[in-house]
Each structure stands twice: as structure tokens, then as C-alpha cells.
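Asks: Have a look; sequence and predicted model below, questions after that.
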Amino acid sequence: MRYLKLSIAITAMVAGTLAYSQNPVIRDQFTADPTARVFNGKMYLFPSHDIPAPESFPRKDWFFMADYHVFSSSNLTDWTDHGIIVSQDKVDWVNPTSFSMWAPDCIERNGKYYFYFPANVKTGRGFGIGVAIADNPEGPYTPQPEPIAGVRGIDPTVFIDKDGQAYIYYSMGRIFVAKLKENMTELASDPVVVGDLPTKGLVEGPFFFERNGIYYMTYPHVENTVERLEYAMGDNPLGPFKVTGVIMDETPMGTWTNHHSLVQYNDQWYLFYHNSAYSPKFDKNRSVCIDSLFFNEDGTIRKVIPTNRGVGITSAQTTIEIDRFSQVSPAGVTVALIDTINPFRGWTAQLSGPGSWISYNAVDFGNKKLKSVRVNASSVTGGIIQIRLDNPAGLLLAEIEIPGNTALSNVDAKLKKYSKGTHNLFVVLKDGNPVNIDWVQFRKKSK
Ligand code: FUB
């Protein structure tokens, strides 16, 4: 019995920590350059890992990246952090004080997982691209002692065509492509520049895939002042490609980079990308977001409008971060970080003005009666909010009086009604007294 308890505790420790849902999807650390891959029916996220540079680092205005984590999720809502898989001080060829572990990729071949990552080389100058190999997507990964011979660049992405030929794409001013040998660690052809892509303005961060016989070269490009995501279509992994359109416009946050991947999971396509939502004043501390992506009949890609709500269904029994809203009333709603020093505390939504509302789509109420609701809220004057379903005047589940208090605190109320299934949640301000809300949670307990 003692052994059983110990082994449960150890399993819980090594299984990693549960992260959170909505955009950004990882809410306890900065994450950037997301490559998402489906392995064994599960979504794996291989981002890079921004950290703020310490005072001693000469370039505090630049990227500072020492290692990579891998995350996984079955529902795109709950993410498990499996911890560090590769770090700069454990790769023979990487300069261990360069903090240059930029955008990675991971691909499976014959049951092995190949993790590709760029970093500054220890001897010489500039970036090499290395490979670390594992038997499982979560690792452990063993880095190869040398970077891939013949490659100097950043942002590797690897594609295996239907005939089994693997290609590596990467950037260094322009985007390059080369064939990979079966062993996935050596080039089978000399790198060549991928032609027909924009030549003015930075182009980097390629992501390559095939769908219905069309080959898609997708890439961030600085057409104006910051990156937007664009794509080109072709009928061969080596091109030529026809520049076709924009997948995502420049973010109004002004984040200089965007970096992305497109992936199909359970019949739906998703765009993984990043912005500086958690770091409004420093755009080198980025966070990964996900939104749904759709193709037109002719294979062209519909533009993705970034959302706070992101994707996935949220259980009514979790703390629903209402500030990651789907929609808000035309006036009377402001969203702000709770703590600018620790952005991972998240945001609150302030409702002010009678009838102002905020909504959060796709909340799963299950099919067993929930009896009460808890809100984490504050109100300087005291105010009343209503919890409704499906529209601002929809089924009234509860009316909650928030007492006058400047600090956020939990307030519970009994549910007057319950409706099973998945609904859009609306929080509506009843009178004009402003209320600040962090989250809403439905409970089995009657208060
Ligand atoms: O994360 C560092 C660099 O910023 C990446 O390698 C680029 O793609 C850009 O996102």
C-alpha cells in the first residue's frame, strides 16, 4: 500500500503540470514560435521559450531563450507541460551562453521523433540547426553531437512527402530547402533558395504542408512594419510557388514577429501563432495562441481573425476566464491585466454602464444538475451581475450581488435554473454600478 501511494505521487510529479485554456494557451510562462503536430491522436505543441533577459545580459531588448518545453493536449483546452526537452547547456555544439534557442519543429519517422532546433554554434559564428531524437514525443530527447552539416540558418521545419522523401526548410534572410536523407539528420541535396517568395521585407519562419495535392509554403513576412502570416501554393515540395494571400494580418499589439503552424485535428484545421498579449511593453516575450482555420473550395486559405477565446470547449466547472471573451456589448467593457508585474495572473473584465455584457462561447454544462455559481469579482460601489445563457437576454441562471470591495473575492449564488449541454455564457451588468470580474465557475454544491 505504501508503495502504491508513493508510485502515485511520483507518477503525478513526472506527469507534468496542467496548464490552462483560451488564448494565450500556455498561461504560466512565455511561449513563442509554435509548431503543433498530431502524434498518436494527441496534439503536441513544440514552442520556443522566451524568458526576460537578466540585468547582466548585454542586450535586454533582444530574444533570450535557453531551452524548449513540450506540451500536449487532447482537447486543445487543457495543456500538460512535459518539461524541458532540450537546453543550451546540454547540447555539445551550442554556445551555452548565447540564449539563442529559436523556433523549432518536430516530426515522426518510423516510430522515432526528430526535434529540429536552431542555436548559435559554439565554434565559429551564427546559427546552426541541430536534431535531437526520442522514442516518444514527450522525450527524453538525445541531441546529436553536431548540427546538420551544410546548414546555416534558423526556423527549421521538416516535411515528409507521400513518397517518403523528407525536406528541410529554414530561413536565413531568404527561405531555403534541401532534401534530407532517410536518417533525418543529414542533407541529401544542397540547400537552394525557395524562389517566387517576396524579396522585399524580412521573410522567415517557414511552415510547409500538403493538402489535397496542393503544397503550401507559409511564412511570416514584414510587408509593412511587423510580420504578418502569408502563404504561397505550389504542386511540388521544391516549388515553384505562387504567392497567394495573407493568413493573418499584423497584430494591433505591434508584436514584431509572428510564427505559426497549421494542423488538422479531429477534422478541424487550426492556426497556431504567437503575440505579446502577456507582455504589452516588450514584444520579445511572446505567447502562443490558437484559432480555427478554414479553406475555401479551391484550396485557398481564409484569413484568420485572432480571438481571445481561442478554441475548444470549456467545462462549466472550471474557472472560466470571462475576460478571454468571444463578444462584448458595443460599449461598457474594458479588459486589463490584473498585475502588470506578474502578467500570468491574467486579466479582469470591467462591466460599466447598465446592460453592458461580455460573452464566452462553448461552455459545457454537462448533464448533471449544477446548483451554484461562484464569481471572482470586485466592485467599488457594489453592483449586480446576471449570469445568462445564449444571448444577453437569454435564460437567467443567477443574479449575483457583488458587495462593495476593491479587492477581488469569491461570491457564491444559487442557480435559479440549469440547462444541460453546451451553451454560450453571458455575464450582464444589471444596474450602472461597475463590476470587475476575473472568472466564473459553476458548482455541484448548492452554495
Ligand atoms: O523566436 C526567435 C525568432 O523570432 C524566431 O526564430 C523567428 O521566427 C521569430 O519568431
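Replies: Arrived safely.
Asks: all helices of this protein, in order?
Replies: With DSSP state H as the criterion, the chain has helices at 2-14.
Asks: and it, which of its residues are near the ligand?
Replies: Contact residues (C-beta under 6 Å from any ligand atom) of the chain with the ligand: 32-33, 48, 63, 102-103, 154-155, 204-205, 257, 259. Using the backbone N, CA and C atoms, a C-beta is placed for each residue, glycine as well.
Asks: Can I get the buried part of those residues as one ChimeraX selection?
Replies: A single ChimeraX command selects the buried members of the residues of the chain next to the ligand (16 or more other C-beta atoms under 10 Å):
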select :32,33,48,63,102,103,154,155,204,205,257,259
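Asks: Tell me who's in contact with residue 406.
Replies: Going by C-beta atoms under 8 Å, 6 or more residues apart in numbering, residue 406 touches 378, 380.
Asks: now residue 155
Replies: By C-beta under 8 Å, 6+ apart, the contact set of residue 155 is 33, 102-103, 118, 170-171, 204-206, 259.
Asks: swap the cut-off to 6 Å and go again
Replies: Residue 155 makes contact with 103, 170-171, 204-205, according to C-beta atoms under 6 Å, 6 or more residues apart in numbering.
Asks: and the residues you listed as a markdown table, adding pLDDT?
Replies: Listed next are the contacts of residue 155 as a markdown table, based on pLDDT from 0 to 100:
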| residue | pLDDT |
| --- | --- |
| 103 | 98 |
| 170 | 98 |
| 171 | 98 |
| 204 | 98 |
| 205 | 98 |
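Asks: Would you format those as JSON lines with distance to residue 216 included?
Replies: Listed next are the contacts of residue 155 as JSON lines, based on distance: C-beta to C-beta, whole Å:
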{"residue": "103", "distance to residue 216": "18"}
{"residue": "170", "distance to residue 216": "17"}
{"residue": "171", "distance to residue 216": "16"}
{"residue": "204", "distance to residue 216": "16"}
{"residue": "205", "distance to residue 216": "14"}
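Asks: Near the closest residue to residue 278 other than its chain neighbours, how many other residues are there?
Replies: Residue nearest to residue 278 in three dimensions, not counting chain neighbours: residue 343, with 4.1 Å by C-beta to C-beta, 6 or more residues apart in numbering. Burial of residue 343 is recorded as 20 neighbouring residues (other C-beta atoms under 10 Å).
Asks: now residue 343: how far from residue 145?
Replies: Using C-beta to C-beta, to the nearest Å, residue 343 is found at 38 Å from residue 145.
Asks: Same check on residue 237?
Replies: Residue 237 is 29 Å from residue 145, by C-beta to C-beta.
Asks: These two: who's more crowded?
Replies: residue 237 (20 against 9).
Asks: That one and residue 168 touch, don't they?
Replies: No: assessed by C-beta atoms under 6 Å, residue 237 is found out of contact with residue 168, at 10.6 Å.
Asks: Just give me the neighbour total for the residue lying closest to residue 71 once chain neighbours are set aside.
Replies: Spatial nearest neighbour of residue 71, chain neighbours left out: residue 45 (4.3 Å); criterion: C-beta to C-beta, 6+ apart. By the other C-beta under 10 Å criterion, the neighbourhood of residue 45 contains 26 residues.
Asks: same deal with residue 28?
Replies: Look at residue 28: counted by other C-beta under 10 Å, it has 12 neighbours.
Asks: Next, the contact list for it, please.
Replies: residue 344.
Asks: any idea how far the ligand is from it?
Replies: Separation of residue 28 from the ligand (C-beta to the nearest ligand atom, to the nearest Å): 19 Å.
Asks: What distance do you get for that residue to residue 192?
Replies: For residue 28 relative to residue 192 (C-beta to C-beta), the value is 41 Å.
Asks: next one: residue 416
Replies: Relative to residue 192, residue 416 is positioned 67 Å away (C-beta to C-beta).
Asks: for residue 52, same thing?
Replies: On the measure of C-beta to C-beta, residue 52 and residue 192 end up 38 Å apart.
Asks: ok, now residue 80?
Replies: If you go by C-beta to C-beta, the gap between residue 80 and residue 192 works out to 39 Å.
Asks: The two: who's more crowded?
Replies: In this view residue 80 and residue 192 are compared by other C-beta under 10 Å, and residue 80 has more residues nearby, 17 against 12.
Asks: Quick check: can you list the domain ranges of the chain?
Replies: 18-293, 314-443 (automatic domain parsing).
Asks: Distance from the shortest one to the middle of the chain?
Replies: Its chain's C-alpha centre lies 24 Å from the corresponding centre of domain 314-443 when counted by C-alpha atoms, centre = their mean, to the nearest Å.
Asks: Residue ranges in this structure under the pLDDT threshold?
Replies: Scanning the chain for pLDDT under 70 picks out the ranges 1-21.
Asks: excluding its backbone neighbours, what's nearest residue 150?
Replies: residue 187 (4.9 Å).
Asks: show me the contacts for residue 114.
Replies: 107, 131, 133, 184.
Asks: Can you show me the strands along the stretch 151-300 of the chain?
Replies: Here the stretch 151-300 of the chain has its strands, by DSSP state E, counting those that start in this stretch, at 154-160, 166-172, 174-180, 192-193, 207-211, 214-221, 228-234, 241-248, 261-265, 268-275, 287-293.
Asks: I'd assumed residue 105 was in contact with residue 116.
Replies: Yes: if you go by C-beta under 6 Å, residue 116 and residue 105 touch, sitting 4.8 Å apart.
Asks: any residues in contact with both of these two?
Replies: 156, 158.
Asks: Assess the claim that residue 420 and residue 369 are in contact.
Replies: No: counting by C-beta under 6 Å, residue 420 sits too far from residue 369 to count as a contact (8.1 Å).
Asks: so what sits against both of these two?
Replies: With C-beta under 6 Å, 6+ apart, residue 420 and residue 369 have no common neighbours.
Asks: mind listing what residue 60 touches?
Replies: Neighbour list for residue 60: residue 53 [criterion: C-beta under 6 Å, 6+ apart].
Asks: ok, it to residue 284 distance?
Replies: Residue 60 is 9 Å from residue 284, by C-beta to C-beta.
Asks: same question, residue 341
Replies: 18 Å.
Asks: between these two, who's got more neighbours?
Replies: Each of residue 341 and residue 284 has its neighbours counted (other C-beta under 10 Å); residue 284 has more, 22 against 6.
Asks: mind checking how far the nearest residue to that one once chain neighbours are set aside is from residue 23?
Replies: Nearest non-adjacent residue to residue 284, counting by C-beta to C-beta, 6+ apart: residue 63, 5.1 Å away. Taking C-beta to C-beta as the measure, residue 63 and residue 23 are separated by 21 Å.
Asks: Make CSV out of the domains of the chain and add distance to residue 303.
Replies: Shown next, in CSV, are the domains of the chain (distance: least, C-beta to C-beta, whole Å):
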stretch, distance to residue 303
domain 18-293, 6
domain 314-443, 18
